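Student: What shape does this take:
(chains A and B)
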Amino acid sequence: MTLDRRSFLKLLAAGAGAAGLPMIGHATEIMPKKGRRVVVVGGGYGGSIAAKYIRMLDKTIEVVLIEKNKQFISCPFSNHLLAGFIKDLSSLTIGYDKLAKNHDIKMVYDEVTAIDPAAKTVTTKGGSIAYDRLVVSPGIDFRTEEIEGYDDKTADLMPHAWKAGPQTILLRKQLESMKDGGTVILTAPLAPFRCPPGPYERAAMVAHYLKTSKPKSKLILLDANPDIVSKGPLFRKGWETHYAGIIEYRKAAKVTAVNTTAMSVMVEGIDEVKGDVINVIPAQRATALMASAGLIGEDKKWCPINATTFESTLHKDIHVIGDASSAGAMPKSGYSANSEAKVCAQNIVAAMNGKESVEMSGINTCYSFLTHDEAISVAGVYTVKEGKIISVPNSGGVSPIDYSAAKLEAPYAQSWIKNILTEMST
Amino acid sequence: MHKKWSTLAIAVGALAMSSATFAAPTPDMLANACGGCHGTNGGSAGDAMPSLASQSESSFVEAMTKFKNGERPSTIMGRLAKGYSDDDIKAMAGFFAKQKLYVTAQKLDKKKVALGAKLQEKNCSRCHLDEGKDGKDDTPVMASQWLPYLQIQMDLYASGARKMPDKMAEKVKGLSKDELDALIQFYAAQK
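Tutor: Numbering: from 1, shown residues only, chains lettered A, B, ... in the order given. Okay, the predicted model is just below:
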């Protein structure tokens, strides 16, 4: 724990120092800026769409998209690997070639190490890049320092699988190797966190695997929250219908410590719960990069933004979208990031052309699966009132509690993932 | 512009702090949000989801209004439609009507498409104009929609969940399951 907190603080200090020092200017400038330019950091659900829509709206603005990885793997639908509905993550993996070609977006595959709001530059391992406007869609970091005993190796033994990829595969492998009659522990952090219905869908997906392949096993969901965060009554009904005797749900059960040797977690510092497979999803915040750039607000977790333009309220000309932003009523979801990116893109283009900002209008839709052919959803339409993003009154909501729509929502969910990943990659 | 307004607002006082600092949502601001499910500019890559690109304005307004008031069954569309005013819906309708028809690449049965062509000529063409490429009110553009999407609609009609217009019900009564299948194959094949 101390190690992790120390390294985080060190990073924070280094970043904060760097931003104020001329040292940062020494990074070699790569791709010198000629005309008007927007730099987008992060090529996930938010960043890829922001880059695309800025180019769609104004071809005279150069867009540089900086992304660490050559491929993006979707978190939504990655729980399907745990259930065994998909054999690998290929259907959830997209590249940037077509997106870059179709819209003439300049790709830089590199890691961003610093943002200098005063000099208006982004520094990567390869050098610095200047911007007129910056969009950051960085995703999340874990607040692992809040869990005693959590160190650099914990995730290798107790995977979070909350960033899709090797972690998801590791968790699936652990489930496959577990003996029948084993116990799976899944821990959900205090809200707000990425994908509010995610832990509860995961419980169903893991339980589905246990029911079909290891029927003597069980799953304990330790939820730090006072109750299920999203689609509560629907999840309860789904669990009772399909996974009675497999899923044990414990609310207000915050995990405060882990022990990878004993393979146990400590609940509220009192109860030790042992498991054969332990999936610890730590609490979250915006990434360390955002902290070092001074973009995180007073809550020390998320980035405050203007609700209409998604421009940071802390630094001019920097816009923050996706999970890292404090977007009022909009949940931290893939669809929200997609919708926020479009709002942000339109208002960046307006601002760069000296035009008035346009009032935001956003949507969120989240599907969760209960079985291979039953899904439930939550949907919302968003607007701004008195400077805050709110849900449009008397709209949105969840699926009917009688599950009458569940069989139809499963194919719609499949079409949703197909459409949103196509939108990001073409 | 926005900055000037803000400065003015602060100067004048709290009363001036209203949404007047921003322009009302434009058609693209409203419509782009739909793309996460219906594809960029309403061209759907998912086969259960309809393309909205090139849909006629009156059919779009008709569908959204019926989703909003619950006349047309839906899963999430009713919940979402309630978030928009009649003017918002008209603005989105205008946006999607302007988009090029999204041509789907799907496996179709040539024989069924040929049979569907004959059947539509005789049964459907008086309302579903220009082989499903033109639409008005409750006869929407159906050209090039995905087969699974069209099948879901036919199933909703068959179960009674979605109310069939009387004129359509009269025609459908005399058609077999295979003939209805041929008809949706025909409309899916139009470009």
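Student: what's around residue A:290, how many residues?
Tutor: Neighbour count for residue A:290, taken as other C-beta atoms under 10 Å in any protein chain shown: 29. Every C-beta, even on glycine, is put in place using the N, C-alpha and C of the backbone.
Student: tell me which residues in stretch B:73-87 are buried?
Tutor: For stretch B:73-87, burial by neighbour count (16 or more other C-beta atoms under 10 Å in any protein chain shown) applies to B:73, B:74, B:75, B:76, B:77, B:78, B:79, B:80, B:81, B:82, B:83, B:84.
Student: now those residues as a markdown table including secondary structure, distance to chain A and pLDDT?
Tutor: A markdown table is the format used below for these (DSSP: H, G, I helix; E, B strand; the rest coil; distance: C-beta to the nearest C-beta, whole Å; pLDDT from 0 to 100):
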| residue | secondary structure | distance to chain A | pLDDT |
| --- | --- | --- | --- |
| B:73 | coil | 9 | 94 |
| B:74 | coil | 9 | 95 |
| B:75 | coil | 5 | 96 |
| B:76 | coil | 4 | 97 |
| B:77 | helix | 9 | 98 |
| B:78 | helix | 9 | 97 |
| B:79 | helix | 5 | 98 |
| B:80 | helix | 5 | 98 |
| B:81 | helix | 8 | 98 |
| B:82 | coil | 4 | 98 |
| B:83 | coil | 3 | 98 |
| B:84 | coil | 7 | 98 |
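Student: Turn the residues you listed into TSV, columns for distance to residue A:308.
Tutor: Listed next are those as TSV, based on distance: C-beta to C-beta, whole Å:
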residue	distance to residue A:308
B:73	35
B:74	29
B:75	30
B:76	25
B:77	26
B:78	27
B:79	24
B:80	21
B:81	23
B:82	22
B:83	17
B:84	18
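Student: Which helix or which strand is home to the nearest residue to residue A:387 once chain neighbours are set aside?
Tutor: Leaving aside its sequence neighbours, residue A:387 sits nearest to residue A:307 (C-beta to C-beta, 6 or more residues apart in numbering or on different chains; 5.7 Å). For residue A:307, there is no helix or strand it lies in under DSSP states H and E.
Student: mind listing what residue A:307 touches?
Tutor: By C-beta atoms under 8 Å, 6 or more residues apart in numbering or on different chains, residue A:307 lies in contact with A:327, A:328, A:360, A:384, A:387, A:388, A:389.
Student: buried subset of these?
Tutor: Buried members of the contacts of residue A:307, scored by 16+ other C-beta under 10 Å, are A:327, A:328, A:360, A:384, A:389.
Student: give the contact list for the residue of the stretch 1-150 of chain A at minimum distance from chain B.
Tutor: Sorted by distance to chain B under C-beta to the nearest C-beta, the residues of the stretch 1-150 of chain A start with residue A:53, at 7.0 Å. Counting by C-beta under 8 Å, 6+ apart, residue A:53 makes contact with A:341, A:342, A:345, A:346, B:32.
Student: which stretch of helix or strand covers it?
Tutor: Per DSSP H and E: helix A:47-57 holds residue A:53.
Student: pLDDT of that helix, averaged?
Tutor: Mean pLDDT, helix A:47-57: 98.
Student: quick one: the helices in chain B?
Tutor: Along chain B, the stretches classed as helices by DSSP state H are B:2-12, B:27-32, B:35-38, B:57-69, B:77-81, B:86-97, B:110-123, B:147-159, B:166-173, B:177-189.
Student: got CSV for these, with distance to residue A:336 too?
Tutor: Output for the helices of chain B, formatted as CSV (distance: least, C-beta to C-beta, whole Å):
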stretch, distance to residue A:336
helix B:2-12, 23
helix B:27-32, 14
helix B:35-38, 9
helix B:57-69, 22
helix B:77-81, 14
helix B:86-97, 19
helix B:110-123, 41
helix B:147-159, 25
helix B:166-173, 39
helix B:177-189, 33
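Student: Buried deepest among these, which one?
Tutor: When those are scored by mean count of other C-beta atoms under 10 Å in any protein chain shown, the highest mean neighbour count falls to helix B:35-38 (a mean of 26).
Student: wait, does that one make contact with chain A?
Tutor: Yes - with C-beta under 8 Å from any C-beta of the partner chain as the criterion, chain A is reached by helix B:35-38 at B:35, B:36, B:37, B:38.
Student: and the residue lying closest to residue B:143 once chain neighbours are set aside, what does it touch?
Tutor: Nearest non-adjacent residue to residue B:143, counting by C-beta to C-beta, 6+ apart: residue B:190, 3.7 Å away. Counting by C-beta under 8 Å, 6+ apart, residue B:190 touches B:131, B:132, B:133, B:142, B:143, B:144.
Student: Show me what the mean pLDDT comes to for the top strand by length along chain A.
Tutor: The longest strand of chain A (DSSP state E) is strand A:374-385. When pLDDT is averaged over strand A:374-385, the result is 98.
Student: now swap in stretch B:144-152 and tell me
Tutor: For stretch B:144-152, the mean per-residue pLDDT is 98.
Student: now stretch A:70-85
Tutor: In the prediction, stretch A:70-85 has an average pLDDT of 98.
Student: Can you give me the buried ones in it?
Tutor: A:72-85.
Student: what's the answer for stretch A:397-408, then?
Tutor: A:397, A:398, A:399, A:403, A:405, A:406, A:408.
Student: Over to stretch A:225-236?
Tutor: Neighbour-count burial for stretch A:225-236, counted by 16+ other C-beta under 10 Å, picks out A:225, A:228, A:229, A:230, A:231, A:234, A:235, A:236.
Student: Could you tell me the end-to-end distance of that stretch?
Tutor: Terminal residues of stretch A:225-236 are spaced 15 Å apart (C-alpha to C-alpha, to the nearest Å).
Student: wait, does that stretch contact chain B?
Tutor: No - in terms of C-beta under 8 Å from any C-beta, no part of stretch A:225-236 sits within range of chain B; the closest distance is 12.7 Å.
Student: can you give me how far that stretch is from the chain middle?
Tutor: From the chain centre to the centre of stretch A:225-236 is a distance of 19 Å (C-alpha atoms, centre = their mean, to the nearest Å).
Student: So what touches it?
Tutor: The contact list for stretch A:225-236 (C-beta under 8 Å, 6+ apart) reads A:188, A:190-191, A:196-197, A:199-201, A:203-204, A:223, A:249, A:251-252, A:331, A:366, A:368, A:370, A:376, A:378, A:398-399, A:401, A:403.
Student: just stretch B:94-110 next, same as before
Tutor: Stretch B:94-110 is contacted by residues B:27-28, B:30-31, B:39, B:41-44, B:47, B:51-57, B:60, B:133, B:141, B:143-147, B:185, B:188-189, B:191 when judged by C-beta under 8 Å, 6+ apart.
Student: Stretch A:315-322 too?
Tutor: With contact meaning C-beta under 8 Å, 6+ apart, stretch A:315-322 is reached by A:42, A:44-47, A:50, A:115, A:117, A:120, A:131-139, A:286, A:290, A:293-295, A:303, A:305, A:309-312, A:327, A:332, A:336-337, A:340-341, A:344, A:348.
Student: mind running it again at 7 Å?
Tutor: Here stretch A:315-322 makes contact (C-beta atoms under 7 Å, 6 or more residues apart in numbering or on different chains) with A:44-46, A:50, A:117, A:120, A:132-137, A:139, A:294-295, A:303, A:305, A:309-312, A:337, A:340-341, A:344, A:348.
Student: That concludes my questions; thank you for your assistance.
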